[in-house]
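Peer 1: Here's a sequence, model it:
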Amino acid sequence: MSELTLEERAQALLLSVFGYERFRGRQADIVAQVAAGGDALVLMPTGGGKSLCYQIPALMRPGCGVVVSPLIALMQDQVEGLRLLGVEAAFLNSTLTLDESREVERRFLAGELKLLYVAPERLLNPRFLALMERASLALFAIDEAHCVSQWGHDFRPDYIQLSILHERFPSTPRIALTATADAATRREIVTRLALEDAAEFVSSFDRPNIRYAIVEKDNARKQLLDFIEREHDGDAGIVYCLSRKRVEDTATFLAERGITALPYHAGLPAELRAKHQSRFLREDGVVMVATIAFGMGIDKPDVRFVAHLDLPKSLEGYYQETGRAGRDGLAANAWLTYGLNDVMQIKEMIEQGGSPEAQKQVERQKLNAMLGLAETTLCRRQVILSYFGETSAPCGNCDNCLEPPLTWDATEAARKALSCVFRTGQRFGAGHVIDVLLGKETDKVRQYFHDRVTTYGIGKDLSEAAWRSVLRQLLAGGYLETDTEGYGTLRLTDEARPLLRGDAELRLRGLVVKKREKTGPKAKITASANIDPADEALWQELRATRRSLADAQNVPAYLIFSDATLRAMLEARPTTLDEMAHISGVGAQKLARYGDAFLATLQRR
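Peer 2: Residues are numbered from 1 along each chain as shown. From the prediction side, this is the model:
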């Protein structure tokens, strides 16, 4: 019998260990590159299957694969999942006792592990570097590789030193992986990690199962509540807020209205954060309200929505955060509400920060790109993909595609707003400028004699909300900017001159809400949205079986089987273990452990 080829061995492991019959996208090419001893740089969206790209080569090659990750939650989650698949895996991080760490190191040196997850600061410790020189190494996987970028959205200083892996272990293949990297960040990863000779695998950044929607802020918490009750009642989700106080207030607001909502931010005690994270991972239908301190490394596949109550600082951050929804490939929502104050607040944070001017300029450009997405009348997905260097046709599944926004000729309104900024000395924020446009008699207006300027009261034809929309879009379009001292005052840019001279026209997103015919209640974006009502009871019984097995082993339910695998069972209705073995996501170990329990559930119906 002839020896199996590299590709055949990889395919056999994919099926027997992980339960999948075929690789997705570029996975097979990446696995072949690394298994053969080559280096690779992998850009693949969240939920695209990055982990398999290093896990399978580690199983194929002699020795242990060392995975560098800054994320304790990811380490623990993936190690638990691998152990359920029968793979010898472990992690080394600050959660272990000294004795536990020594036992992991012993197993590492003894060749008893196939995958070892290590925090970057632990890996760079001289003692651990010396330990690796005595061990048999299959490969190095550098996860979240965008953390190496000093001007990126998630810089981690320890990552810059990871080029030492190439210097100390030149014969060990390295694979760097990330879900978010524009062209500049990609170049920085290559340079800082010495991956000039690595093969690059850039998958599409498109997540077609995610529906993007962005709405103007108008009582944001109430808007969020309506969104959850309308489309995600009982679903797991993440709500991101810019401040800790907003996190706690929002979590309390939702909890008081019957939603299982938990707060998470860096100011909470570590024990409470860990408890809330555990509940989010292990229970169904929990909504985590968090700052961006939460989420990286969260591998929960059945998050049905990610909502933002404040504007993210960059498109990279927004894409990464929204990518935590729908990792199982089922339908999910990315919902954002934002307003003028968000823009002003982030601009002030940039200007008041202690970063060098060059970095501030990068941050301003990233914010402008995010503003461009928020205010665009084009397909949201097209704008996101364009930012990452891709082109696409309109998706038909974002708010702008489903309900094209109205636009209006805002030339005259824009001139009034720009003139008012100029007449008041370019020394005031949006609120005061709007007061002058509306002819309000405030103390501040009288103090600075702005009731005597020519623009006083010339904007009474529009509401305060409309003027806030106009100013927000003028900021997004580059006609206005905020001061560099961080006081949030508005001033004109060179782009404003043609408008003020009458040499240009401007159309903005509409102020009038388009009346639409009522078509019945909006369809929920849930895992069971496409399940026949006649199958709903069996669907819930399958989930209950999964929950019972997960509770017995003290692991998250999705580590038993994902929603996508349960749906495949529901559709195929296997009656034997052989038939169950052909369900996507059911590997040999899981078939042996859980097959009979799920067959029994299916046969009760």
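Peer 1: shaky segments in the stretch 51-200 of the chain?
Peer 2: 151-154 (pLDDT under 70).
Peer 1: Could you look up the SS state of the residue most central in space within the chain?
Peer 2: Centrality entry for the chain: nearest residue to the mean C-alpha point is E321, 2.0 Å, by Cα atoms, centre = their mean. E321 falls in the helix class when you classify it by DSSP: H, G, I helix; E, B strand; the rest coil.
Peer 1: Check it and give its pLDDT.
Peer 2: Per-residue pLDDT puts E321 at 91.
Peer 1: N530 now?
Peer 2: Reported pLDDT for N530: 60.
Peer 1: cool, and M1?
Peer 2: Value for M1, per-residue pLDDT: 39.
Peer 1: returning to that earlier point: tell me who's in contact with the residue nearest to the centre of the chain.
Peer 2: Counting by Cβ atoms under 8 Å, 6 or more residues apart in numbering, E321 touches 238, 240, 292, 295, 306, 308, 312. Yep, even glycine has a C-beta here, placed from its N, CA and C like the rest.
Peer 1: just curious, which of the residues you listed is nearest to I72?
Peer 2: G295 (13.0 Å; Cβ to Cβ).
Peer 1: all strands for the stretch 501-605 of the chain, in order.
Peer 2: Ranges of strands in the stretch 501-605 of the chain, per DSSP state E, counting those that start in this stretch, are 507-509.
Peer 1: Next: the stretch 251-400 of the chain.
Peer 2: 261-264, 287-290, 303-308, 332-338.
Peer 1: most tightly surrounded among the ones you listed?
Peer 2: Among these, strand 287-290 has the highest mean neighbour count (mean count of other Cβ atoms under 10 Å), at a mean of 28.
Peer 1: List the strands paired with it, with their directions.
Peer 2: strand 236-240 (parallel), strand 261-264 (parallel) (DSSP bridges).
Peer 1: So for L490, which of these sits nearest?
Peer 2: Closest among the strands paired with strand 287-290, using Cβ to Cβ: strand 236-240, at 26.9 Å.
Peer 1: Please spell out which residues along that closest one are buried.
Peer 2: Buried positions in strand 236-240, judged by neighbour count with 16 or more other Cβ atoms under 10 Å: 236-240.
Peer 1: And for stretch 575-583?
Peer 2: In stretch 575-583, counting by 16+ other Cβ under 10 Å, buried: 580-581, 583.
Peer 1: cool, stretch 77-90 as well?
Peer 2: Buried residues in stretch 77-90 (16+ other Cβ under 10 Å): 77-85, 87-90.
Peer 1: quick one: which of the contacts of E321 is nearest S101?
Peer 2: Nearest member of those to S101, counting by Cβ to Cβ, is G295, at 26.6 Å.
Peer 1: Per-residue pLDDT of that closest one, please?
Peer 2: For G295, the predicted pLDDT is 67.
Peer 1: before we move on, what about A465?
Peer 2: pLDDT at A465 comes out at 85.
Peer 1: same thing with K515?
Peer 2: pLDDT, K515: 36.
Peer 1: can you give me the helices for the stretch 351-500 of the chain?
Peer 2: For the stretch 351-500 of the chain, applying DSSP state H, counting those that start in this stretch gives helices covering 357-375, 380-387, 399-402, 411-423, 430-438, 443-447, 464-476, 496-501.
Peer 1: just to revisit the earlier point, rebuild the strands paired with strand 287-290 as a markdown table, extending it with mean pLDDT.
Peer 2: Formatted as a markdown table, those follow (pLDDT from 0 to 100):
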| stretch | mean pLDDT |
| --- | --- |
| strand 236-240 | 96 |
| strand 261-264 | 96 |
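Peer 1: With E571 as the reference, name the closest of the ones you listed.
Peer 2: Comparing the strands paired with strand 287-290 under Cβ to Cβ, the one sitting nearest is strand 236-240, at 22.3 Å.
Peer 1: With secondary structure as added columns, please give the buried residues of stretch 77-90 in CSV.
Peer 2: As requested, those are exported to CSV (three-state DSSP):
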residue, secondary structure
D77, helix
Q78, helix
V79, helix
E80, helix
G81, helix
L82, helix
R83, helix
L84, helix
L85, coil
V87, coil
E88, coil
A89, strand
A90, strand
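Peer 1: quick check, nearest of the residues you listed to R246?
Peer 2: Using Cβ to Cβ, the buried residues of stretch 77-90 come closest to R246 at D77, 27.3 Å.
Peer 1: Please name the nearest non-neighbouring residue to that closest one.
Peer 2: Spatial nearest neighbour of D77, excluding adjacent residues (Cβ to Cβ, 6 or more residues apart in numbering): D299 at 4.6 Å.
Peer 1: contacting residues for the one you found?
Peer 2: Shown in contact with D299 (Cβ under 8 Å, 6+ apart): 73-74, 77-78, 81, 327.
Peer 1: Quickly check those residues for the two that are furthest apart.
Peer 2: Taking Cβ to Cβ, no two of these sit farther apart than A73 and R327, at 14.1 Å.
Peer 1: ok, those two, which is more surrounded?
Peer 2: R327 (24 against 19; other Cβ atoms under 10 Å).
Peer 1: I164: neighbouring residues, count only.
Peer 2: A count of nearby residues for I164, using other Cβ under 10 Å, gives 12.
Peer 1: before we move on, what about the one 3 residues further on?
Peer 2: Other residues within reach of E167 by the criterion other Cβ under 10 Å amount to 8.
Peer 1: Checking it next. Helix, strand or coil?
Peer 2: Quick answer, by three-state DSSP: E167 is helix.
Peer 1: Spatially nearest residue to it (excluding sequence neighbours)?
Peer 2: Leaving aside its chain neighbours, E167 sits nearest to A194 (7.8 Å; criterion: Cβ to Cβ, 6+ apart).
Peer 1: next one: G510
Peer 2: Using Cβ to Cβ, 6+ apart and skipping residues adjacent in sequence, the residue nearest G510 is L406, 3.0 Å away.
Peer 1: Surely D77 is in contact with P556?
Peer 2: Yes - under the criterion of Cβ atoms under 8 Å, D77 makes contact with P556 at 7.3 Å.
Peer 1: overlap in contacts of the two?
Peer 2: L281.
Peer 1: so where is the stretch 451-600 of the chain shaky, pLDDT-wise?
Peer 2: In the stretch 451-600 of the chain (pLDDT under 70), the answer is 484-487, 511-530.
Peer 1: Repeat the analysis, applying 90 as the threshold.
Peer 2: Counting by pLDDT under 90, the stretch 451-600 of the chain contains low-confidence ranges at 465, 468-469, 472-478, 480-489, 509-536, 539-540, 554-558, 562-564, 567.
Peer 1: count of residues packed around C147?
Peer 2: 26.
Peer 1: My error: substitute E112 in the last question.
Peer 2: E112, neighbours per other Cβ under 10 Å, totals 12.
Peer 1: thinking it is in contact with A90, fair?
Peer 2: No - applying Cβ under 8 Å, one finds E112 not in contact with A90, separated by 9.0 Å.
Peer 1: separation between R593 and L13?
Peer 2: 18 Å (Cβ to Cβ, to the nearest Å).
Peer 1: between these two, who's got more neighbours?
Peer 2: L13 (20 against 16).
Peer 1: if I pick that one, what's in contact with it?
Peer 2: Contacts of L13 (Cβ under 8 Å, 6+ apart): 56, 59-60.
Peer 1: wait, is it part of a strand?
Peer 2: No - checked against three-state DSSP, L13 lies outside a strand; its state is helix.
Peer 1: Please read off the pLDDT at it from the model.
Peer 2: 95.
Peer 1: Could you measure from it over to L137?
Peer 2: In terms of Cβ to Cβ, L13 sits 19 Å off from L137.
Peer 1: for V289, same thing?
Peer 2: Taking Cβ to Cβ, one finds V289 at 41 Å from L137.
Peer 1: same check, this time on G372
Peer 2: 44 Å.
Peer 1: Which one of the two is surrounded by more residues?
Peer 2: Applying other Cβ under 10 Å to G372 and L137 shows that L137 carries more neighbours, namely 21 against 17.
Peer 1: what's the closest of the contacts of E321 to T95?
Peer 2: G295 (18.5 Å).
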